[in-house]
Each structure stands twice: as C-alpha cells, then as structure tokens.
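*Asks:* build me a model:
(2 chains)
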Amino acid sequence: MAAPVLRWLCPGRCWAFARIGGCSCHGRGVPTASTSSGKRGQSSVARQSLITAQEPRKGDREWAAVVGLEIHAQISSNSKLFSGSQVHFAAPPNSLVSFFDASLPGTLPVLNRRCVEAAVMTGLALDCRINKKSLFDRKHYFYADLPAGYQITQQRLPIAVDGSLAYSVCVGKKLGQAVTRTVRVRQIQLEQDSGKSLHDDLRSQTLVDLNRAGVGLLEVVLEPDMSCGEEAAAAVRELQLILQALGTSRAIMAEGQLRVDANISVHHPGEPLGVRTEVKNLNSARFLARAIDYEIQRQISELENGGEILNETRSFDYKLGCTVPMRDKEGKQDYRFMPEPNLPPLLLYDSASLPAGADPQQVINIDRIREQLPELPSVTREKLVRRYGMLPEHSFALLNEVGLLEFFQNVMKETRAEPKKVASWVLNTFLGFLKQQNLAVSESPVTPSALAELLNLVERKAISSSAAKQVMDLKKGNPRAINKLIGLVRKATLGRADPTAIKEVLERQLSG
Amino acid sequence: MLGRTLREVSAALKQGQITPTELCQKCLSLIKKTKFLNAYITVSEEVALKQAEESEKRYKKGRSLGDLDGIPIAVKDNFSTSGIETTCASNMLKGYVPPYNATVVQKLLDQGALLMGKTNLDEFAMGSGSTDGIFGPVKNPWSFSEQYRKKRKQKSHGEKEDSDWLITGGSSGGSAAAVSAFTCFTALGSDTGGSTRNPAAHCGVVGLKPSYGLVSRHGLIPLVNSMDVPGILTRCVDDAAIVLGILAGHDPKDSTTVQDPVKPFVLPSLTDVSKLCVGIPKEYLAPELSSEVRSLWSKAANLFESEGAKVIEVSLPHTSFSIVCYHVLCTSEVASNMARFDGLEYGHRCDVGVSTEAMYAATRREGFNDVKL
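*Replies:* Residues are numbered from 1 along each chain as shown, chains lettered A, B, ... in the order given. Next up is the predicted model:
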C-alpha cells in the first residue's frame, strides 16, 4: 500500500495525504474534507498515480499536526503527598481523609519522602536534569473537589527538567517496520491530586469524595514533538511501562492512575504553529489515539471551511467519538500562583554535596537513587535481542503484556528449544490462547514447565509442532486437562514413537 | 495569689498552700466578675475543673508535670482546641468544633495547665484593636482602673459610663485583657504584624513574639503563613521565658520550624549591663511618632546608658519599605488562606442551593466581615 511507504519517506508528515484517506493512523468515523478519498484496497501503483495526478486545488495544501502531552501519574505510595492518610483504590467514600486533606483550618502540609524519591527516579529514567533545589507553589481555583481552594504544585521550579522519552511506532502493517522516535520531556513536577465529584443530575446535587484529594501526582510534560494520535499513544505506552518498571506508579488508566491531557494544533508546514486546543482527561488507552486524531481532523476541517480555532479546553465524548468544548473552562483562568509558604525549598543532594554527618532519614542522595534504579524496559528489550537474537518487535510484544516476559524466561529455563521458536510460540500460540479465553498471564492454566515440556517434545521431534498446537487448541474445551495431557504424551513417547500414534493417543484421551 | 509569678504559684501549689481546684475557682469567679471586659468568647469551666482535679491528684502524689501544672491559662480563639468551639471571632466558624489540638495548646496541656477558655480577637486576627470580631470589642481593664475613672470624671460630664472605655489593641486583645485582669497567668496570642505586642503594650503586660520558626504553627488558624507566630502574654518577663521554654522546638507537623534542638534556658538576672550594647534604629524616629512615646523611649535609652550600657545609633535601611511589602504579602496570603472557607467541609454554610458558585458566594458573603486594614 502506498500510504505506509509514503509515511516512511516523510516522517512526521502523516497528514500529507490525510484528506486522501487510507492512512492507517486514522480511526473510524473521522470526517475528511476531500471527496475522492476512502477508496481502500487500491493497488499501490494506482494509488501513487492518484496522488501525483491530482491537481492541487486552491488552499489544498498539506497539513502538519503538533501534539504535546501533560500526563498525570498517581505515585505508588502508602500515604498521600502531604499527609499521612492512606492511598487505596476504591475505598468507601471519604474514608481516607485526614484533617489536612479536608482542609481543616490550621493544618499544614508535610512532604512525603517516598513521593520525592519517586519523582527523582522517574526524572533519572527519563534522562532529566534533577533540580537540587525545587519549590512548591499554590495554584488557586474554586471547585468542590479542591477543599483548600488551591492545589499545591511546582510551577516556578519543578523537581526535574529537560529529559527525553524514546518510543517506537509501527510504520507498516507488518510488525517488523518499527521506527524509534523521541519526544522531549519539558519537566516533571510533584503536585496534589484533587478529590472526585459525582454529579447527581436527578437530585441536582454533586457528591464529593475526598479519598483522592492530596494523593501524590507526577505531572510529566511532553513537548509538542509528536504529530499524530498513534505517536502520542506510543509515547504514553512507553511511559507507562517505564513507570511500572520503576515501581513509581502502577499507571493503570482504567483505575485513574494515569491521565492524559493533549495540546493539539495544526499548521501548514513552513508556517507558524496554529492555535492550540487542550483535550482534557483522556483516561483510556484505547481512545487516546482516536481522540487526538479526531481533534486534528476537526481542526483541519474547521480551517479549510474558513473557520477559526479557539484556544479552548475540550473533552472527548467516548460515546459520540468526538471532542466537545468543556463549559466550565470557558475563558482564561487566573490561577494566582503564589509560593507555598508552609513548605521550605526542597533540597536534594548528591554524593559530592551531601553534608557531613547528615541524618540519612532527612536527606535524599540522587546518586544513591541512580545506582539503585531498576532496569528500564528499553534495556530489557535490548538484552533480549542480544541474548536470544530475538526480533526487536518480539521484545516489544513480550514486555507489552503483564507477566509475559517472566513466563517466557521460565519456559527458556526448562527447554532446549531455540529462543526464536519459544518466543514465537509464547507470542502467537500461547498468547493467542489466553486472549481467546480472556485470561491474564497470571491466570494461565498452562504453566511454563508444561509449555517447556511440550516444546521439548517438538524439539525432539517426538511430536509434530502441529500436534502440539492441537493440544493447545483442544484446551478450549477442557482447560485443566492440559498438564495431564502432556504427561500422557510424554509417557507415550519415551521411545521415539510415531507422531500419528501420539495423535491417536491424544485424540483418544481428549474425546473421553 | 492571682498576682504572683508562675514560679511563685507553682511553688505554692507544690507546698500545698493552695490547690489547683481552688486556683481554678478563683480565676473562674474573676472571669465572671469581669465579663464586661468581653475578653472571653468561650469559658471552658467544666474542662478546667476536670483538669484541676487531675492536677490535684498529681500534686498529692508529689508527681507534678512541671512549672505549669495546675496553672490557669487562656488561649486566643484562633488556635484549634479539640472539642472546644473555635470561632476566630467570625460567623464563618461559629459552631466549628475542631477535632484536634494545636501543637502549642497540646504542649501546655501536657504540662498540666488548666484551660480557662478561648479569648476574643479581631476577626481572623485581622486588626489592631480587637474591635472587629462578631462578639464585639474587648475592653481594656485599665479603663476601669481608679486612675482612669478619676481622669475621665474630671474631663467629661454626663457621658454614659459604659461607652467610656479604652481599646485593648489587637488582634490578641482578649488574651492581653485576660492576663491583665488576673483571670489567668499566661495566655496564648498570635503575632503577624504586632498582634501580640500591640495589645500587650495597651494592657500593660509582657508580650513576646518568638522568632519565626521557633514555635510550631500547627493548629494556629493562619492569616499570613510566612509571618504568623504564636505569641506569649504574661505579667512578667520571667514567666514569658518559662512559657517559651515549653513551647519552642521543632514540630514534624510544621515544616517551617527550625530543626535544631532547643536547649532549655533560664534568663540571666541582669544586674550588670556594662557589657550590653543597645542599638536604636534611626529610621524608627519617624516624624509620625507621638511625643509621649518618643519621650518614654528616650527615658529607657537614658536608663540603660546611666547604668553603664552602650547605647548607639544603628540603621535598618529598608524600614520605609516594610509596610508596603507587608501589605502586598499580607493581602495575597490572606486571600489564599481564606479560599478554603466555602461551607462544604466545615463551618457556616448558607441555604442557597442553586449552584456551587452561588452557594460559595452566599456562604462567604454571610460568613465574612468587611476587611479593615
């Protein structure tokens, strides 16, 4: 298909043919301006001639989109950022609220050490410069889920700045055509989460749950170096994996532990950037790319029809599949930023600047944290490729599913089969089986040992690979039997037996 | 007995010359007699008598907690007191009963002090007269002194007696009046821009503003977080030193308190001032200074000099900018600190239920007063 080839040639300009349609980073239901679009499945030759032959209409120029992200990750800690109340998901409403969280007068914030360490770890993992001195500020606005009337954040001088995040995007239909992109990390700051408002339209009231008020957040600001929804989604996914590897955030979007706001604008290449809109609270991995792409296309259509883009805040309506303006956020807010007077500047040290005789409980040593940093996903992937000669896309896929890498490594321990074969089995047959049964790796009835045995049998050519696959297929009916099955197969092939015989044995046992 | 110093009363209690309960009763009865001063918003009679009972048990066993055990104290009504209404003299917090004690209050209670009550103030400690609270103004006990009454009788004719009183200064006027009228031996005030020292001067008592960071602000309902400190009011300097010794020190609940450990201290008895060097900032001799204050100041300087101390002129060159800076910082932080009063979590809430914004506006309009700077 012409589309992917063109994209490879013009990186970042996946909107050159946006109006022609057929770009695989579109979602469904996205309006396109041009009428000759949408003819999928044409031969590449025909498609190319369509592009070159087309006369540029007046105003019919290329568009480039620019996407920046503000990602809020809930810090994985026992207690909140400035108070001792616990952090738990789905606790009874208002059961995890300290006096400070409820903004009782006279209460004061006390900084949580674990949250600072989480911020430093994340900053180091993203190659940021850690500011040895950072400051806290108050950001004021009135809202029912913000008891104090202000949020404590780091506006002037955040804890980490100037980093980068490398992620991979697929530019072809095949898994093999992946390219690495980087997005600059402008800053990482510590701030408080707000409570939750539950709007009860029936009784015209709003119920406020303050369990979440004051939970520590890491806000990671990504520069507008991305150009479409897929890139943004890939960057978010990689950040999620990094946070999970570090243990600084569980980063599960469905539980609200990772929330994304996108800043989106479009412009003609060579011209200045356009007016940007902010699309807030993208809380679903599935809809992230779609929402961003929708907004890009909306802006293009608006501008091509002679309209203008307002610098506004929008939200994504999941049911309608489109972005809508947020009523509450009309007009520019004056947050009246002010230094937080109850918190002195946050001072961090490294081994060189550590004061002599300092209480280790009271100081944070950046060098020490760097030394103890867990292995990052990119390094894990690299190691897999080097050690096993694995395809890069397999290394990505192994890390993409919780527990899958460990499963693979456990299988490797007990089999002499070639790593590439094992990887292929784990990623295709095993994972496919799990997906069909809607199971997580941790819920798998097939143990690594069992799969290893199966693979060993295939290796010894005691059974054929297709027979082994059948064993997996037959699992659909009787999940718990497989280990027993393989045991039987093993018994039956202590000598080198005829594959047909094995198959017969299996069929006999399974039909019973 | 009520006119004694802390050390003297403490000794008397230890020797059994008087019991905590008797001391408590005396103060309570005096509070009732001086009700016209309007120094107290809440009198915690039951609490105080219970505390006195417990103190008595300790004294009987010979196990007193310290210098403040069994001693009546009062606390300004902007300090959180667990189970006792804390209003800040505002409609916004009328009926608000905190669930915790301010650190300084807890420290005093841990020493066995008896809490007589919560004293009156300017609303949210914003003011310098103790006249702007919703419970009315505090009257200076000296307005009812013989000297003052004689002076007034000579000057005025037929004026209503109850309108003839002097202010206590503020905003800790209630605490200053309570100490000045002998209803307690020490009281807590707060000081942001003079709110402990000002009423102390007006009421003729000792007012100490500790250095910022020395005493914990946890539980002190804030006005200006970067300037507030709990203040100490007593009838003599030695008493103030004793109370400071109890209150000073790092508090993990207040991140702005100094980490260094506070060494207990005793004031030296200063009989020889020849090694003392006293500086008088020249910028303070402002044209607006009243002649009475100027002459008293000179008197004090001369006294030091005549006793052998060195008295020199010094310069604090930024003095003229201080009030402007104060106003900018004060108004910003106050606006910020008042943002939490929205009627949702505690305190006054209006009846308006149309929208959240309307509820906020009505609650704050009803709860707050006009700001008089």
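*Asks:* relative to chain B, which residue of the stretch 351-500 of chain A is the closest?
*Replies:* Residue nearest to chain B within the stretch 351-500 of chain A (Cβ to the nearest Cβ): A:Gln362, separated by 7.8 Å. C-beta coordinates here come from the backbone N, C-alpha and C atoms, glycine included.
*Asks:* phi first, then psi, for that residue.
*Replies:* Backbone geometry at A:Gln362, expressed as degrees, to the nearest 10, gives phi -100, psi -10.
*Asks:* A:Met121 too?
*Replies:* phi -60, psi -50.
*Asks:* ok, now which ones touch it?
*Replies:* Taking Cβ atoms under 8 Å, 6 or more residues apart in numbering or on different chains as the criterion, A:Met121 is in contact with A:Leu246, A:Thr248, A:Ile369, A:Leu373.
*Asks:* got a winner among the residues you listed for most neighbours?
*Replies:* Highest neighbour count within these, by other Cβ atoms under 10 Å in any protein chain shown: A:Thr248, with 26 neighbours.
*Asks:* quick one: the residue nearest the centre of chain B from B:Gly173, how far?
*Replies:* Closest to where the C-alpha atoms of chain B average out (Cα atoms, centre = their mean) is B:Gly189, at 1.9 Å. The gap separating B:Gly189 from B:Gly173 is 9 Å, by Cβ to Cβ, to the nearest Å.
*Asks:* tell me where chain B has helices.
*Replies:* Along chain B, the stretches classed as helices by DSSP state H are B:6-15, B:20-33, B:45-60, B:103-110, B:146-155, B:173-180, B:197-203, B:237-247, B:291-306, B:319-337, B:356-367.
*Asks:* of those helices, flag the one that's most buried.
*Replies:* Mean neighbour count, computed with mean count of other Cβ atoms under 10 Å in any protein chain shown, is highest for helix B:173-180 among the helices of chain B, reaching a mean of 34.
*Asks:* list phi and psi for whichever residue of the stretch 201-350 of chain A sits closest to chain B.
*Replies:* Of the stretch 201-350 of chain A, the residue with the smallest distance to chain B, taken as Cβ to the nearest Cβ, is A:Pro341 at 3.8 Å. Main-chain torsions, A:Pro341, degrees, to the nearest 10: phi -70, psi -20.
*Asks:* who touches it in this structure?
*Replies:* Residues in contact with A:Pro341, defined by Cβ under 8 Å, 6+ apart, are B:Val224, B:Asn225, B:Ser226, B:Thr256, B:Glu333.
*Asks:* one step back: next, show the common contact partners of B:Gly189 and B:Gly173.
*Replies:* Contacts common to B:Gly189 and B:Gly173, judged by Cβ under 8 Å, 6+ apart, are B:Pro199.
*Asks:* what does the stretch 51-200 of chain B have sitting close to chain A?
*Replies:* Applying Cβ under 8 Å from any Cβ of the partner chain, we find that the stretch 51-200 of chain B lies next to chain A at B:Phe79, B:Ser80, B:Cys88, B:Leu93, B:Pro98, B:Pro99, B:Tyr100, B:Ala102.
*Asks:* interface residues of the stretch 301-450 of chain A facing chain B?
*Replies:* Within the stretch 301-450 of chain A, the positions adjacent to chain B are A:Arg336, A:Met338, A:Pro341, A:Asn342, A:Leu343, A:Pro344, A:Gln362 by Cβ under 8 Å from any Cβ.
*Asks:* please read the previous query as pertaining to the stretch 1-150 of chain A.
*Replies:* Selection of the stretch 1-150 of chain A residues close to chain B by Cβ under 8 Å from any Cβ yields A:99, A:102-111, A:138, A:140, A:142-144, A:147-150.
*Asks:* ok, so what distance separates the residue in chain A positioned nearest to chain B from B:Asp191?
*Replies:* Minimum separation of chain A from chain B (Cβ to the nearest Cβ) falls at A:Gly149, amounting to 2.6 Å. To B:Asp191, A:Gly149 is 25 Å away according to Cβ to Cβ.
*Asks:* so the two - more neighbours on which side?
*Replies:* With neighbours defined as other Cβ under 10 Å, A:Gly149 and B:Asp191 compare such that B:Asp191 has more, 25 against 20.
*Asks:* mean pLDDT and distance to A:Gly307 added to the helices of chain B, as a markdown table?
*Replies:* Listed next are the helices of chain B as a markdown table, based on pLDDT from 0 to 100; distance: least, Cβ to Cβ, whole Å:
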| stretch | mean pLDDT | distance to A:Gly307 |
| --- | --- | --- |
| helix B:6-15 | 94 | 78 |
| helix B:20-33 | 97 | 73 |
| helix B:45-60 | 96 | 69 |
| helix B:103-110 | 98 | 60 |
| helix B:146-155 | 83 | 78 |
| helix B:173-180 | 98 | 63 |
| helix B:197-203 | 97 | 62 |
| helix B:237-247 | 95 | 65 |
| helix B:291-306 | 94 | 70 |
| helix B:319-337 | 94 | 40 |
| helix B:356-367 | 86 | 31 |
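*Asks:* so can I have JSON lines of those showing distance to A:Lys461?
*Replies:* JSON lines is the format used below for the helices of chain B (distance: least, Cβ to Cβ, whole Å):
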{"stretch": "helix B:6-15", "distance to A:Lys461": "97"}
{"stretch": "helix B:20-33", "distance to A:Lys461": "96"}
{"stretch": "helix B:45-60", "distance to A:Lys461": "88"}
{"stretch": "helix B:103-110", "distance to A:Lys461": "78"}
{"stretch": "helix B:146-155", "distance to A:Lys461": "114"}
{"stretch": "helix B:173-180", "distance to A:Lys461": "94"}
{"stretch": "helix B:197-203", "distance to A:Lys461": "96"}
{"stretch": "helix B:237-247", "distance to A:Lys461": "85"}
{"stretch": "helix B:291-306", "distance to A:Lys461": "107"}
{"stretch": "helix B:319-337", "distance to A:Lys461": "77"}
{"stretch": "helix B:356-367", "distance to A:Lys461": "73"}
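*Asks:* quick one, which of these gets closest to A:Leu210.
*Replies:* The closest of the helices of chain B to A:Leu210 is helix B:356-367. By Cβ to Cβ, the value is 15.3 Å.
*Asks:* then that closest one to CSV, C-alphas only?
*Replies:* C-alpha atoms of helix B:356-367 as CSV (Å, rounded to 0.1, in the frame of the first residue of the first chain):
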residue,chain,number,x,y,z
THR,B,356,-22.0,25.5,43.7
GLU,B,357,-20.8,29.0,42.7
ALA,B,358,-23.9,30.6,44.2
MET,B,359,-23.5,28.6,47.4
TYR,B,360,-19.8,29.7,47.7
ALA,B,361,-20.7,33.4,47.1
ALA,B,362,-23.6,33.4,49.6
THR,B,363,-21.7,31.4,52.3
ARG,B,364,-18.7,33.7,52.0
ARG,B,365,-20.8,36.9,52.0
GLU,B,366,-22.6,35.8,55.1
GLY,B,367,-19.6,34.3,56.9
